[in-house]
Structure formats: C-alpha cells, structure tokens
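J.: I'd like to go over a predicted model; first the sequence, then the structure.
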Amino acid sequence: MTDRPDLTNLPSYRQRRRSVFSARRIALMASVVAGLGVAVHGFSPTTSPADLFSSPAHAQVNNEVKKVERPIGFADIVERVKPSVISVKVNIKEKTASNDDGDDSASPFQPGSPMERFFRRFGGPDGFPGQKGGRGRVVQGQGSGFFISADGYAVTNNHVVDGADKVEVTTDDGKTFSAKVIGTDQRTDIALIKVEGSSNFPFAKLADGKPRIGDWVLAVGNPFGLGGTVTAGIVSASGRDIGNGPYDDFIQIDAPVNKGNSGGPAFNTEGEVMGVNTAIYSPSGGSVGIAFSIPANTVKSVVAQLKDKGSVSRGWIGVQIQPVTSDIADSLGMKKAEGALVAEPQKDGPAAKAGIESGDVITTVNGEPVKDARELARTIGGMAPGASVKLNVLHKGQDKVVNLTLGQLPNTVEAKADIDNDSGKGASKGTDVPKLGMTVAPANSVAGAGKDGVVVTEVDPKSAAAERGFKEGDVILEVGGKSVSTAGEVRDAINTARTDNKNSVLMRVKSGGQSRFVAVPIAKG
C-alpha cells in the first residue's frame, strides 16, 4: 500500500483553501445583509464591502415612515372646546348627605330598580374619596359642566347640584367662581347654573342634529377631581331607555366616563355638544365603556324653560299608558305592535274629557306615527300646556280622530291603591278559571277590593297567569274588552276569544292602584 504524500504544507494547497473559505464568508455576509433589509442590488467587481453598509438600515426605515400620513388626532378640537368646560364643586349639609351606613353614593332611586344600578356610576353628587357625611358634617361633591353663553350660564346635572348649599366652579385656566342654581329638572337630570364674575366666558354650542351611530365623540370633564380630562370614543347606540323615567332617550357612548364626569359635555368632531354625560353602567363603579348622555335637543328645550322661569312645564293628556306587545297586538287584531295602549284615562283629564277610553291605542300625534308608549310620553311632554293636538286612536277595532287641548303635567302624581297586598286574604277561595291557572272571586265579596271586577285569590306558580305577572289581590276589570264581575263572565269572555281563533285574550288588571293590560295565552281544546 502506497502512502499518499502530505500536501497540506505546500503553499499552493494553503492558498486554495483560503480562497474557498473567503468565498463562503462573502456568501454568508451577503445573506445577512439581505436579511437586514439593506438595499443591495447585487455584487459587481466595482462594489466594495464598504459600499454595502454606506446606507444604514435605520435610514431606509425613516425614509419609509415619512411617506406614511400621520393619523388624525383631536388636538385642534380639544384646544378649541376645552376652555368652555368647568369643574363643579358643591357643599351639602348633612340633612341631605348623611348616611348612617357610611355610603356616600346614596341614590334617590328605589333599591333594586334599574336606575339604582346605573346611579352607582356618578353618585349623587360625586363625593370626594373619604369625605362622607356624618351628622353635623358638610359633604363636598364634585361634577362637571360647561358654559353655554359668555355671560356665565352653564349646564350640569340635577343630581350634581341637588340640595347644594354652596356651588363653586373652576375654569380650565384654574380660576374659581361662585355660582347659583337657576333651575333644575329632575325628570331629565338637567340643571342650569349662573356663574358670577365675568361676562366673557368661553362657551360651547349645543348641536342641532342627532349624532349617528359610529360618530366620534369626545368626553371632557372632571373625573375623580382630576379636572380637564379628555377621552375619546364613538357613539355606540341611541334612544336608550335605562329606567330613569318616561323621557329616557339617551345616547350611549364608549368614551371613558367616570365619577366626576357628571354634567360634562360630549363633543362631536365639529366642536359642538351632542350630549350631557349623566350615567354609566358599571358593576365596579369605574368605566367599562358604557356611558349615557342626554341628547342636545332635549337639553336645549329644558334649558330654555329653566332660564325663562326656573322650572319646566310639560304637556299632559292624562292617561296611563303601556307598550303594545305582540300578544296585545294580536288580541286587538292589530297587524303591528306599535302605538301606545291606554291602560286607564285619569278622571277629568284632557283625554277622558275628549272620549278616550281604556283599551284605546294612540297611533299618531298630529299626523306623526307613535312608535311606542315612551315615544308618546316624550312627544306630549315636549309640547307646551294649552297646545291643541290631534290624536289618531284605534277604538274597539275602528280608527278614530280625537282633538284635545293639553293640560300641564302635575309636578307630583300620587297613586292611591284601592286594595293592599293582603286584600285577598280571608276571602273565599274563589272559583277556578280553567286553562289560566288561577281562581277568582267577585270584587264585592272581598273587603277593600271595591265593587268592580273579580279579585285573583290564588295563582298556580307554574301557570300562564303566573308567567304574565298575576298575583293574589290583583283585580281583573275587563276580559276581551268586556267588563266582568264573576268567574263565569271571565270564562265566557275567554271562550269567545277562543271561538274567534285568537291566540290570547286581553285583560285589564288593576294592581296596587295602577291599571295595565295583560295578554294571556289561550290554551287550545
């Protein structure tokens, strides 16, 4: 076997190995350079390694960024509107603010009501942390507002200044002024205050049109006492009913709103106030992106009256109304579940004098369709007392036109119960009404129930009646449009509805002094 000569020490071999290694190094470097995004168009005999790195990678990135248009911000709008927004500080004596359990966000709404859940939002007013009202103390509250005129008129929430003994405002430039309450409207939670000390305040304009869902919105206010805070979002929904009252028509926004934003403005991209922030929905008490604003059109109407006479007068027709559900529409032979069902006209009210009766459905006001009961309340409430209106009414299946003159909505409406919750106790067991799951007895046989209708003495908890909210002590006045006074008349009316191939029968029920219509499904067979 012949040994191969060792050639590695020869100069020619070492030179060839270095050439291969150098080529590999250049190829590797080229791949790294390409990975870094350097603009290399290829190698040529005239390209040197220094030329490859003569334009750093970050230089090219910067050049590309310059070509991208900057996102549009809100700085110009904020600079223009922010000076019109104020922080509102109030002092309230313990007679209003004291709360023995130490809760500084006492709500004027009924415990467990829908509005109470929303009210935790801002408080009433928004107290500073740790400043709870004990006996003999004065509680400080805070909120927001905005000027609507150069002479110092400003808008805030009623719940911010309600019961306040002293009101002070701080402007965007840090100056503090005294203010007095000109008037408040609890039904819409709007208050008008007058700031003293200048006649050249920067002010905001209330928008004329309605915002569209998806429009940009800027909320400016005094969250947690920080002052001058701006947040942005969009209009999430409109026409929201949060259980505050018959005039609910809130704009829902997702711009972050927190304690202290009460009464602050929600601006559109034109720099106009589209709404006044008044409530948030929040399980935690902080913003979760669901806030509610009073529409500018409502604010205009209310503020004009508050400035003129310090209070708000609303039109009134004197009816207790309820929505027309699909079951009720079917019972009345209506094609659509629209309009407002008159549960009961108030004695000597404008509607009763004009001939409107229980069971009538108001479908239009001055030729404008009425979508539901809330819309009727808002429409009539937006008119002045003494105005003449024309109502289209569905009366016992026939269209009818009613002309009447609006009265003035009473400041307080007292509901007096004819019977109490225990009125059915001690009465006879009553007669069973087949298929409905309840027993009834003539009202004149039950103490305190009056002389009209039949009293519900027992309800099967698994029955159709229970599902529709019937309870012991309710008084059924009408079934299928006919007055009833015995269980037999109730059964006859139900059989008549079944013969007419109706899926449900309409009953007029009085419960706790309030009347309502209930559509109860009819069991076949």
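T.: Happy to help now that I have it. Numbering: from 1, shown residues only.
J.: Count the neighbours of the closest residue to residue 204 other than its chain neighbours for me.
T.: Closest residue to residue 204 apart from its sequence neighbours, by C-beta to C-beta, 6 or more residues apart in numbering: residue 84 at 4.2 Å. (Each C-beta comes from the backbone N, C-alpha and C, glycine too.) Residue 84 has 23 neighbours, counted by other C-beta atoms under 10 Å.
J.: phi, psi of residue 84?
T.: Summarising the backbone geometry of residue 84 under the convention degrees, to the nearest 10, its torsions are phi -80, psi -10.
J.: what does residue 301 give?
T.: Phi and psi for residue 301, reported as degrees, to the nearest 10, are phi -60, psi -40.
J.: Could you find the closest non-adjacent residue to it?
T.: Taking C-beta to C-beta, 6+ apart, and ignoring the residues beside it in sequence, residue 301 has residue 382 as its nearest neighbour in space, at 6.3 Å.
J.: thinking again about what came up before, the residue nearest to residue 204 is in contact with residue 149, isn't it?
T.: No. Residue 84 lies out of contact with residue 149 (C-beta atoms under 8 Å); the separation is 10.3 Å.
J.: where do the contact lists of these two overlap?
T.: With contacts defined as C-beta atoms under 8 Å, 6 or more residues apart in numbering, the residues shared by residue 84 and residue 149 are 201, 203.
J.: Now do the contacts for residue 376.
T.: 321, 339, 340, 362, 365, 370.
J.: so what's the fifth one up against?
T.: Under the criterion of C-beta under 8 Å, 6+ apart, the contact list for residue 365 reads 376, 379, 380, 389, 390, 391.
J.: Pull out the buried positions in the top strand by length along the chain.
T.: With DSSP state E applied, the strand covering the greatest number of residues in the chain is identified as strand 229-240. Of the residues in strand 229-240, those buried by neighbour count under the rule 16 or more other C-beta atoms under 10 Å are 229, 230, 231, 232, 233, 235, 236, 238, 240.
J.: re the thing from before, can you give me phi and psi for the residue nearest to residue 301?
T.: In this entry, residue 382 is assigned phi and psi values of phi -80, psi 0 (degrees, to the nearest 10).
J.: Next one: it from residue 246, what distance?
T.: Distance of residue 382 to residue 246, computed by C-beta to C-beta, to the nearest Å: 12 Å.
J.: Repeat that for residue 495.
T.: Counting by C-beta to C-beta, the separation of residue 495 from residue 246 is 37 Å.
J.: would residue 455 count as being in a strand?
T.: Yes. When the secondary structure is assigned by DSSP: H, G, I helix; E, B strand; the rest coil, residue 455 falls within a strand.
J.: ok, it touching residue 439?
T.: No. Between residue 455 and residue 439 there is no contact under C-beta under 8 Å: 9.7 Å.
J.: Neighbour count for the two, which is higher?
T.: The residue with the greater number of neighbours, taking residue 455 and residue 439 and applying other C-beta under 10 Å, is residue 455; the counts read 27 against 22.
J.: which stretches of the protein form helices?
T.: All helices of the chain, identified by DSSP state H, fall at 11-35, 49-52, 57-67, 75-81, 94-97, 114-119, 158-161, 296-309, 326-332, 350-353, 373-381, 464-467, 487-499.
J.: Specify the beta-bridge partners of residue 322.
T.: residue 341 (DSSP bridges).
J.: One more: residue 231?
T.: Counting by DSSP bridges, residue 231 is bridged to residue 219.
J.: ok, it to residue 260 distance?
T.: When C-beta to C-beta is the yardstick, residue 231 and residue 260 sit 12 Å from each other.
J.: thought residue 144 was touching residue 84?
T.: No. In this structure, residue 144 is not within contact of residue 84 by C-beta under 8 Å, at 11.3 Å.
J.: Share the number of residues neighbouring the residue nearest to residue 301, please.
T.: Applying other C-beta under 10 Å, I find that residue 382 has 14 neighbouring residues.
J.: heads up, I number from 28, so please use that
T.: Sure, I'll start numbering at 28, so the last one becomes residue 409.
J.: what's near enough to touch it?
T.: Contacts for residue 409 were tallied using C-beta under 8 Å, 6+ apart; they are 328, 341, 342.
J.: For residue 531, which non-adjacent residue is spatially closest?
T.: Nearest residue to residue 531, sequence neighbours excluded (C-beta to C-beta, 6+ apart): residue 546, at 4.4 Å.
J.: That neighbour and residue 116: what is the separation?
T.: Where residue 116 is concerned, residue 546 sits at a distance of 51 Å (C-beta to C-beta).
J.: And residue 424, by the same measure?
T.: Counting by C-beta to C-beta - residue 424 and residue 116 are separated by 59 Å.
J.: picking up where we left off before, in the contacts of residue 392, find the pair that's most separated.
T.: Within those, 403 and 417 form the most distant pair, 13.6 Å apart (C-beta to C-beta).
J.: remind me which residues of the stretch 428-552 of the chain are low pLDDT?
T.: The stretch 428-552 of the chain contains residues with pLDDT under 70 at 438-462, 475, 550-552.
J.: How about residue 262: which residues does it bridge to?
T.: Per DSSP bridges, the residues bridged to residue 262 are residue 280.
J.: still on that earlier bit, who has more neighbours, residue 424 and residue 116?
T.: Taking other C-beta under 10 Å, residue 424 and residue 116 do not tie; residue 116 has more neighbours (22 against 9).
J.: bridging residues for the spatially closest residue to that one that is not a sequence neighbour?
T.: What sits nearest to residue 116 in space, not counting adjacent residues and going by C-beta to C-beta, 6+ apart, is residue 195, at 4.8 Å. Residue 195 has these beta-bridge partners by DSSP bridges: residue 116, residue 205.
J.: cool, residue 222 as well?
T.: For residue 222, the residues forming beta bridges with it (DSSP bridges) are residue 206.
J.: Do you know the pLDDT at it?
T.: The predicted structure scores residue 222 at 96 on the pLDDT scale.
J.: got it, and residue 178?
T.: Listed pLDDT for residue 178 reads 95.
J.: That one: what's it in contact with?
T.: Contacts for residue 178 were tallied using C-beta under 8 Å, 6+ apart; they are 226, 228.
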